[in-house]
Structure formats: C-alpha cells, structure tokens
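Student: Attaching a predicted model along with its sequence, questions to come.
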Amino acid sequence: MQFLILILSINFVACLSKHSRKNKVIQVRLPSWKPKEKFYNPRKVDWISVISGCKAACHYEKRLCNFYVRAAAHDSLSVSEGFGGADGSLLLTEDELRRSENNYDNFAYLLSKNALALAKKYDTSVADIVAVCGAVATEFLGGPKIIKSDNIQPFLVGRHDRTLPNPTNSLAPANMNTTGFSSFAKSKNLTIEEMTALMGSHTLLDEKGCLKKDNSYCDPKKSKCTNILMYNWSNIYYKETCVSKITINNPPVLSTLPLPTREFFIQQDLCKFTSKEFRKRQEEILAQELVDLNPDPNTLVIDQDLEFEDVTWYNNIAKKWSYTIHDAWMGKACQGDLTKTPYNDDIQTYMNKFKDHSNEWDITYIRAYKKMVNTGAIWNKNGGFPISGLECYSGYTTSIPKINCNNCNKLCHTSCRCKTAFNENDSFYQ
C-alpha cells in the first residue's frame with residue numbers, strides 16, 4: 001500500500017471516505033485542542049484507535065518507534081516532589097525540547113509533531129500518548145505486548161499533561177557507575193531487577209548504525225534497512241555486555257580501529273531513518289556537517305569521537321563499543337569484575353538471567369515499564385483508568401454483513417474495525 005500521510009488542521013471535523021483513500025492525500029480536520037492539564041475523560045477515548053495511530057507512525061518511520069521508547073523514559077523518570085510518570089512535558093515545554101539529552105537528532109522535536117497530532121485526533125493527553133505509544137513501539141519492534149487485559153497489573157491511562165518543565169539533571173548520566181545505578185533505581189521507585197530490565201531497551205541505540213545480526217552492514221542506498229539491529233527488540237544487550245571483555249578508559253584512549261571513510265560515515269547515519277522524507281532531511285544535515293568538518297570530499301572524516309574510545313571492547317574481533325559508559329559498568333558487574341556488594345551481586349544475577357532467558361526479561365520489562373510511566377503521574381481520577389487496548393467508544397464497523405462487533409474480541413478482531421482507527425498498514429506522521 002502507498003504511504004498514507006494525513007495532513008492535520010484544526011477547528012472542523014471531517015470523516016474519511018473509504019472511496020477517497022487510495023493514492024490520495026486525505027485532510028483530517030480536528031477540533032480545537034489544548035493540553036489536558038485539569039480534566040478529560042479517558043473512558044470516551046477509542047484506545048484501540050490510539051494504538052493503531054502509534055503503529056501507523058512506526059509504519060511511516062521506524063525510528064519513531066525508537067523515539068517513543070526513549071521518550072517514555074525521558075518523560076517519566078523525573079520522579080521528585082510533584083513530578084514523575086509520563087506527563088507530556090518532554091514534548092510540551094520548550095525547556096525540555098532544548099535539553100541536550102532530548103536534542104540528539106532533534107528526537108523530541110520530531111516526535112512532538114506526531115504525538116500532538118495523535119492527542120488532537122483522539123482528544124487525549126500527550127502524557128497518555130507517550131505512555132501508550134512507548135508500549136506499542138516496544139511490541140512493534142518485536143518486544144512483549146504491554147497493553148492487554150490484565151486484572152493484576154492493568155495498563156492505566158488518564159494522565160494529566162504538565163506544561164511546566166520537569167527538573168533538570170533527573171535522568172541517569174551516561175557515565176553512571178553501579179553505585180549510582182542502585183541509588184537511581186531506588187529514587188525512581190524501581191527495584192534493581194526492574195531498572196536492569198529497562199536498560200535492555202539500549203539494544204535500540206543507533207550507534208550500531210547499519211549493523212545486522214551477522215555483523216555485516218546494510219547499504220541504505222540499496223535497501224530500506226528496516227531489519228538492522230537498531231530496529232530489533234532482543235536481549236542482545238545482555239548477551240554483548242555480559243560476554244565481552246570490557247575496559248573503561250579514563251581518560252579516553254586513542255582508538256586502534258581504522259577511521260571510517262566519508263561514504264561509510266554517511267551510510268551509517270542514513271540508516272537512522274527508514275522513510276524517504278526523513279532520510280532526505282538527514283542527507284541535507286549531513287552534507288552541511290561534513291562541509292563544516294572537512295571541506296575536502298576526498299579526505300577521511302576526522303572527528304574526536306571516532307579517534308578516541310571511552311570503552312575498549314573485544315568480542316572475538318575488535319569492535320567499536322556501541323553503548324554508553326554506564327552500560328559498560330553494567331557489563332563489568334555482570335561478569336563479576338567489580339567489588340562484591342549487594343547491588344553488584346543483584347545486577348550480575350539479573351543481567352545473566354535476562355541474557356539466558358528472554359521471556360524472563362519480557363515479564364520484568366512489562367512490570368517495570370508500567371511502574372515507570374505511572375510513578376508520580378497526575379491522574380485524572382482515582383489513580384488511572386485500566387484499559388485492555390480494545391476499547392472503542394465510537395463503535396466498530398465491519399465490511400462483513402451480520403457480524404455484531406459491539407463487543408469485539410480477539411475472535412472477531414480481524415473482521416471489525418473501530419470507526420476512528422487507522423488501517424493496519426497505514427502510515428502516518430504529522
């Protein structure tokens with residue numbers, strides 16, 4: 001199916017005609033909307049449609065999935081007096097949009113356009129969009145299903161937005177050691193097991209570029225490169241950090257690895273995006289950066305980040321370390337290379353458990369994710385409204401006669417669709 005890009009404008013409501021869909025740009029006019037800081041009714045939201053919108057964003061640009069996973073953490077982990085949980089401030093306040101941790105590749109800005117469009121379309125809080133799409137993105141990339149019927153640990157919605165920025169320096173620093181990790185987890189109401197499970201999302205770090213599972217590289221000029229490691233949810237994070245020999249270099253040491261050519265450098269950056277539009281944007285940015293860096297197109301790319309290593313890593317062959325310095329500390333704890341303490345022992349236990357049993361990681365990650373986006377959140381009423389992900393307040397439609405979809409379940413889900421939902425293979429970004 002051709003990409004379907006929905007252009008959003010405000011103040012009027014229009015319906016989509018199924019006859020006008022194919023090969024046409026469709027305008028969706030939305031009612032006036034403002035952040036949900038005081039009240040909104042999550043019971044009147046088509047949550048199955050919100051989920052379809054999250055998936056449509058990932059269909060359009062796979063890295064938006066990575067961005068949503070990152071945004072859920074960055075938006076939620078400012079747990080302090082009056083702050084915490086997904087609150088939308090990451091995407092609603094200029095302060096947080098401009099912070100260095102949110103400005104890498106302009107990830108928060110690029111994501112804000114999509115999250116706000118979804119919040120307007122379905123009349124939800126941005127905070128709930130971040131929490132829901134972060135969960136959906138995990139599943140879309142091959143991870144566990146987080147939003148489902150669960151009477152013991154339900155997935156909750158009904159978060160209020162916050163238009164004041166969260167406190168600065170609330171996220172874990174990239175060079176945090178295991179002592180800091182233990183304290184950080186405790187301050188966020190997470191156990192070491194849960195915090196260790198959340199770290200596994202670093203498997204999606206884009207430092208891996210075009211690298212595939214077989215250690216070969218995809219060429220983004222010949223392929224969409226959608227099946228590379230940075231777009232695949234797996235427990236490879238634990239496998240790599242637990243098995244390899246790691247040396248943390250303080251200060252950084254001169255790398256013995258060969259510098260990449262300019263062409264290779266460009267290819268690795270283009271793999272960060274899958275859509276034509278985002279790749280074109282990245283090509284334009286790279287072109288200017290490379291001219292500024294070195295105006296001679298025939299020379300190698302020279303940059304300090306490529307010449308010096310914070311971490312030296314050997315896994316059969318010498319390779320560039322793809323993760324943060326903090327991840328290196330986690331790996332050393334996993335290998336038993338650190339001072340014996342209760343928290344280092346716990347990290348070693350859980351890193352090895354998740355390395356050997358991906359199902360155990362999935363179970364723990366689901367619990368940890370829910371706690372992360374819930375702890376400290378400002379709820380509309382009574383601590384949140386549980387959803388299964390099949391809620392359709394507007395009603396279901398079907399093209400097959402005599403099927404009653406008012407109580408749509410897994411058995412009839414393939415034959416009925418919520419009135420406001422995106423189709424399964426729709427692509428959306430705005």
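Tutor: Structure's in. What do you need?
Student: where's the residue most central in space within the chain relative to Pro165, distance?
Tutor: Per C-alpha atoms, centre = their mean, the C-alpha nearest to the average position across the chain is that of Val69, at 1.9 Å. Distance, Val69 to Pro165, by C-beta to C-beta, to the nearest Å: 21 Å. Backbone N, C-alpha and C define where each C-beta goes, glycine included.
Student: Which residue ranges of the stretch 101-250 of the chain form helices?
Tutor: 107-122, 126-140, 178-187, 192-199, 236-243 (DSSP state H, counting those that start in this stretch).
Student: Format those helices as JSON lines; extra columns: distance to Asn151 and mean neighbour count.
Tutor: Shown next, in JSON lines, are these (distance: least, C-beta to C-beta, whole Å; neighbours: other C-beta atoms under 10 Å):
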{"stretch": "helix 107-122", "distance to Asn151": "25", "mean neighbour count": "22"}
{"stretch": "helix 126-140", "distance to Asn151": "18", "mean neighbour count": "28"}
{"stretch": "helix 178-187", "distance to Asn151": "27", "mean neighbour count": "17"}
{"stretch": "helix 192-199", "distance to Asn151": "20", "mean neighbour count": "23"}
{"stretch": "helix 236-243", "distance to Asn151": "30", "mean neighbour count": "21"}
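Student: Among those, which comes closest to Ser80?
Tutor: Taking C-beta to C-beta, helix 178-187 is the member of those nearest to Ser80, at 8.3 Å.
Student: Specify the local secondary structure of the closest residue to Asn177 other than its chain neighbours.
Tutor: Take Asn177 and drop its neighbours on the chain: the residue closest to it by C-beta to C-beta, 6 or more residues apart in numbering is Trp329, 4.9 Å away. Using DSSP: H, G, I helix; E, B strand; the rest coil, the structure places Trp329 in helix.
Student: which residues does the residue nearest to Glu193 when sequence neighbours are not counted contact?
Tutor: Closest residue to Glu193 apart from its sequence neighbours, by C-beta to C-beta, 6+ apart: Tyr350 at 4.9 Å. Neighbouring residues of Tyr350 by C-beta atoms under 8 Å, 6 or more residues apart in numbering: 192-193, 196-197, 364.
Student: Looking at those residues, which one is closest to Leu257?
Tutor: Thr196 (29.1 Å).
Student: hmm, back to that, mind listing what's buried along the strand or helix carrying the residue nearest to Glu193?
Tutor: Tyr350 belongs to helix 342-356 when elements are defined using DSSP states H and E. Neighbour counts using 16 or more other C-beta atoms under 10 Å place 343-344, 346-348, 350-351, 353-355 of helix 342-356 among the buried residues.
Student: which one of those residues is nearest Phe278?
Tutor: The shortest approach to Phe278 among those belongs to Phe354, at 31.4 Å (C-beta to C-beta).
Student: Next one: the nearest residue to that closest one once chain neighbours are set aside from Glu207, what distance?
Tutor: Once flanking residues are discounted, Phe354 sits nearest to Trp361: 3.9 Å by C-beta to C-beta, 6+ apart. Using C-beta to C-beta, Trp361 is found at 21 Å from Glu207.
Student: Tell me who's in contact with the closest residue in space to Pro252 that isn't next to it in sequence.
Tutor: Excluding its sequence neighbours, the residue lying closest to Pro252 (C-beta to C-beta, 6+ apart) is Phe308, at 4.0 Å. Phe308 makes contacts with 252-255, as judged by C-beta under 8 Å, 6+ apart.
Student: Report the buried members of those residues.
Tutor: 252, 255.
Student: Tabulate the contacts of Phe308 (JSON lines), appending secondary structure.
Tutor: Below are those laid out as JSON lines (three-state DSSP):
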{"residue": "Pro252", "secondary structure": "strand"}
{"residue": "Val253", "secondary structure": "strand"}
{"residue": "Leu254", "secondary structure": "strand"}
{"residue": "Ser255", "secondary structure": "coil"}
